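Asks: Based on what follows, work out the 3D shape:
(one chain, ligands or ions: 1)
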Amino acid sequence: MSEARSDAPEATMANGTVAPNTAEMPDTTPSSDVYAPSDGMIENANITAYMRKKGFDTYDDLYQWTVNNPQDFWADMAQELEWYAPWDQVLDESHAPFYKWFAGAKCNIVHNAIDRHLTTWRRNKVALIWESEMGEMRSYSYHLLNREVSRLANVLKSMGVKKGDIVTIYMSRIPELMFAMLACAKIGAAHSVVYGGFSVDALADRINDAKSKVLLTADGGYMRGKVIELKKIVNEALQRTPTIQTVIVTKHTGQDVVMETGRDLWLHDLFGLPIASALCDTEPVDAEDMLFVLYTSGTTGKPKGVVHTHGGYMVGTYTTLKMVFDIKDEDRYWCAADPGWITGHSYIVYAPLITGATSIMYEGAPNFPYPDRWWNIVSRYGVNVMYTAPTAIRSLMRFGEAWPSRHDLSSIRLLGSVGEPINPEAWRWFRDTIGASETPIMDTWWQTETGHFMITPTPITPLKPGSATRPFLGVDVDVVHEDGSSCAANEDGMLIIRKPWPGMLRTVLNDPDRYVSAYWEKVPGGVYTAGDSARKDEDGYIWVIGRLDDVIKVSGYRLGTAEVESALVSHSSVAEAAAIGLPHELKGNAIHAFVILRMGFEPSPALEAELKAHVGHEMGPIARPEKIEFVTFLPKTRSGKIMRRVLKAQALGQDVGDTSTLET
Ligand code: PRX
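Replies: Model (predicted):
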């Protein structure tokens with residue numbers, strides 16, 4: 001069994017010991033404080049310029065116009081980008097909920113992310129600054145980025161990769177991951193990035209669902225001074241995948257790896273061949289052609305392959321980054337997420353390049369070798385806009401003010417948060433300590449499925465700590481009861497989106513019925529159900545409370561109880577398993593599992609440790625249960641479904657509620 005890794009930097013101190021579990025739970029009580037934007041911020045914001053151009057005086061008026069005329073608004077934004085051929089229709093609703101945006105148009109997201117900059121001064125602008133925790137640094141201008149992407153695109157073409165194929169990518173946070181995604185898109189193929197923190201089973205499942213023939217990976221990646229042996233995990237996963245014919249391996253960490261003759265090739269060898277020419281035309285595709293599939297956890301069974309397309313996604317990600325993070329040409333922008341998740345797809349790879357930004361990518365832990373690593377990066381590169389997750393903020397907050405105070409953080413103009421509700425205490429610390437008590441925080445609510453920000457402040461929004469504030473332009477959000485009727489102010493309900501938006505998922509790969517039933521049939525009225533509970537206050541501010549389904553957010557990462565349970569039952573000792581999420585001071589939630597053992601196996605601390613390591617090996621370190629309880633009975637409905645709600649209430653010492661369907 002491979003060594004269990006821990007990718008959750010937030011739970012581990014710089015010296016490798018686990019942080020004591022002593023702090024109070026995050027305070028999630030709504031805060032009534034309101035932080036107004038400064039006059040300077042309002043005056044200079046991209047959104048103010050747009051508001052004035054359209055002749056509106058307030059965000060409310062502009063919002064109202066966009067939500068009444070979403071097609072006009074999104075077409076306006078689309079016109080800021082380049083298309084090979086125009087659309088016939090902004091939105092085709094004829095097969096709802098299989099909506100089409102910019103139907104009939106020809107485009108390619110890479111044309112907007114790279115090609116169009118090459119004929120302007122941005123050709124020489126730094127597109128990407130990359131640094132690894134081990135000290136290696138590289139930077140790429142738009143010109144050089146284009147060369148690297150074109151060479152890889154030609155290599156892929158020479159291997160027969162074409163439109164309609166899905167190429168799987170499994171790497172750590174290195175520039176080649178970005179090049180790989182862009183190279184696929186450039187030739188009209190789709191990518192499926194599997195997060196580098198996932199392991200054997202998770203990788204094999206995703207490759208099999210996408211039926212990939214080509215896999216791009218690396219020998220290894222770095223995390224907290226250790227090498228994550230990606231190629232070793234790949235070799236094991238490929239024993240369970242019949243479709244992969246070719247594996248292209250980037251040399252990064254340099255340790256010995258097993259390469260299979262006839263299947264595995266080093267990227268640097270391929271780049272030495274004439275096929276890897278730096279001249280490659282970008283393939284015009286239909287606006288609705290698949291750009292990527294990204295797997296995400298749902299309520300039941302295997303993860304869903306969420307499908308995104310070129311045209312609408314390109315417009316939605318570009319618009320939101322420009323308006324919310326207010327990106328200007330002179331900015332240095334840093335999204336500290338992993339490109340293997342939607343935040344990285346949209347806001348490390350695509351949107352920053354489309355806006356022509358200079359962005360930063362960091363491979364490693366925030367606290368390696370010391371807890372000021374991130375602040376060191378901010379000051380050295382002069383970061384103006386920084387985007388991260390509450391779990392990381394909480395973990396760095398524990399180390400105190402002394403670490404950030406050693407660095408000049410005065411370049412920071414805007415901060416951002418994503419992934420889970422941010423507790424007001426962490427919000428204030430981020431603003432006060434990192435943002436000099438004046439930097440606004442953009443608390444952005446969105447999902448793998450939504451593609452881009454949906455509920456978010458802009459630089460001109462008065463902020464309430466802990467609330468993602470108001471719907472973005474053109475986005476029609478509500479909080480409703482199960483029958484679809486709107487909730488009263490401050491009443492908890494289901495978060496829904498009433499109208500389609502350009503970056504929305506188009507379907508679930510290989511399972512269109514699941515697309516309809518999971519998102520469009522939960523609430524009557526043809527509306528999109530997000531799966532979150534929320535409330536709207538008297539000012540129309542949205543307060544997201546958490547997931548309503550069996551999705552657990554661990555350190556902002558999305559995991560399904562079903563995946564953890566199936567990893568547990570794949571161990572020879574386990575007959576049945578149930579997983580739940582319980583509140584955790586740093587991770588937001590931690591996984592607790594309940595296990596019924598097979599005959600002949602006895603509960604023991606050693607078996608608990610083995611089962612945790614087994615889940616880490618199969619799924620990845622983020623899915624490792626915090627605690628495993630051995631039980632002889634699991635509460636179930638009469639139809640045999642495990643009542644996780646009951647387990648959770650019991651674990652929290654709460655009233656278990658209605659158990660009338662409980663099997664007795
Ligand atoms: O529960 C919400 C939470 O993250 C879920 C989406 O997870 P995922 O698809 O992995 O995408 C995360 C990054 C976009 C949502 O259903 N969530 C995300 N952002 C916020 C949030 N909850 C509260 N506030 C947020 N800002």
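Asks: Need the three-state assignment for M77.
Replies: Following DSSP: H, G, I helix; E, B strand; the rest coil, the label given to M77 is helix.
Asks: Can you give me the neighbour number for it?
Replies: 20 (other C-beta atoms under 10 Å). For glycine as for every other residue, the C-beta is placed from the backbone atoms N, C-alpha and C.
Asks: go on, L279?
Replies: Around L279 there are 9 residues (other C-beta under 10 Å).
Asks: Alongside the ligand, which residues does the stretch 251-400 of the chain contribute?
Replies: The stretch 251-400 of the chain comes close to the ligand at residues 296, 342-343, as judged by C-beta under 6 Å from any ligand atom.
Asks: Please apply the same query to the stretch 401-550 of the chain.
Replies: So the stretch 401-550 of the chain meets the ligand at 418-421, 443-448, 468, 530-532, 544, 547 (C-beta under 6 Å from any ligand atom).
Asks: Among the residues of the stretch 251-400 of the chain next to the ligand, name the ones in strands.
Replies: Counting by DSSP state E, the part of these found in strands is T296.
Asks: how about a markdown table for the residues of the stretch 251-400 of the chain next to the ligand, with pLDDT and distance to T246 added?
Replies: Listed next are those as a markdown table, based on pLDDT from 0 to 100; distance: C-beta to C-beta, whole Å:
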| residue | pLDDT | distance to T246 |
| --- | --- | --- |
| T296 | 93 | 26 |
| I342 | 97 | 27 |
| T343 | 97 | 29 |
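Asks: Now restrict the residues of the stretch 251-400 of the chain next to the ligand to buried residues only.
Replies: Buried members of these, scored by 16 or more other C-beta atoms under 10 Å, are 296, 342-343.
Asks: Let me know the closest of those residues to F102.
Replies: I342 (20.7 Å; C-beta to C-beta).
Asks: got a list of what the closest one touches?
Replies: Neighbouring residues of I342 by C-beta atoms under 8 Å, 6 or more residues apart in numbering: 294, 296, 446-448, 451.
Asks: same thing but at 7 Å, please
Replies: 294, 448 (C-beta atoms under 7 Å, 6 or more residues apart in numbering).
Asks: where does P37 land in three-state SS?
Replies: With three-state DSSP as the basis, P37 sits in coil.
Asks: what about it, neighbour count?
Replies: 17.
Asks: Repeat that for the one 5 residues further on.
Replies: Other residues within reach of I42 by the criterion other C-beta under 10 Å amount to 17.
Asks: same question, F98
Replies: 15.
Asks: Also the one 3 residues further on?
Replies: A total of 30 residues lie near W101 under the criterion other C-beta under 10 Å.
Asks: Remind me which helix or strand it belongs to.
Replies: strand 100-103 (DSSP states H and E).
Asks: What helices and strands are in contact with that strand?
Replies: Here strand 100-103 touches strand 89-92, helix 310-324, going by 3 or more C-beta pairs under 7 Å, 6 or more residues apart in numbering; DSSP states H and E.
Asks: Could I get the contacting residues of G221?
Replies: Residues in contact with G221 (C-beta under 7 Å, 6+ apart) are 171-172, 196, 228, 230, 252-253, 363.
Asks: Please flag which of the residues you listed sit within strands.
Replies: Within the contacts of G221, residues falling in strands by DSSP E are 228, 363.
Asks: how about the CA coordinates for the lengthiest helix in the chain, as PDB?
Replies: Secondary structure of the chain per DSSP state H: the longest helix is helix 142-158. Presented in PDB, the C-alpha positions along helix 142-158 are these (Å, rounded to 0.1, in the frame of the first residue of the first chain):
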ATOM      1  CA  TYR A 142       2.200  35.400 -24.000                       C
ATOM      2  CA  HIS A 143       4.600  34.800 -26.900                       C
ATOM      3  CA  LEU A 144       6.400  32.000 -25.000                       C
ATOM      4  CA  LEU A 145       3.200  30.500 -23.700                       C
ATOM      5  CA  ASN A 146       1.900  30.300 -27.300                       C
ATOM      6  CA  ARG A 147       5.100  28.400 -28.300                       C
ATOM      7  CA  GLU A 148       4.800  25.900 -25.500                       C
ATOM      8  CA  VAL A 149       1.100  25.300 -26.100                       C
ATOM      9  CA  SER A 150       1.500  25.000 -29.900                       C
ATOM     10  CA  ARG A 151       4.300  22.500 -29.500                       C
ATOM     11  CA  LEU A 152       2.200  20.300 -27.200                       C
ATOM     12  CA  ALA A 153      -0.800  20.700 -29.500                       C
ATOM     13  CA  ASN A 154       1.300  19.400 -32.400                       C
ATOM     14  CA  VAL A 155       2.500  16.500 -30.400                       C
ATOM     15  CA  LEU A 156      -1.100  15.600 -29.500                       C
ATOM     16  CA  LYS A 157      -2.200  15.900 -33.100                       C
ATOM     17  CA  SER A 158       0.600  13.600 -34.200                       C
END
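Asks: To what extent is P404 buried, counted in neighbours?
Replies: By the measure other C-beta under 10 Å, the count of residues near P404 is 21.
Asks: in a helix, that's where it is, yeah?
Replies: Yes - according to three-state DSSP, P404 belongs to a helix.
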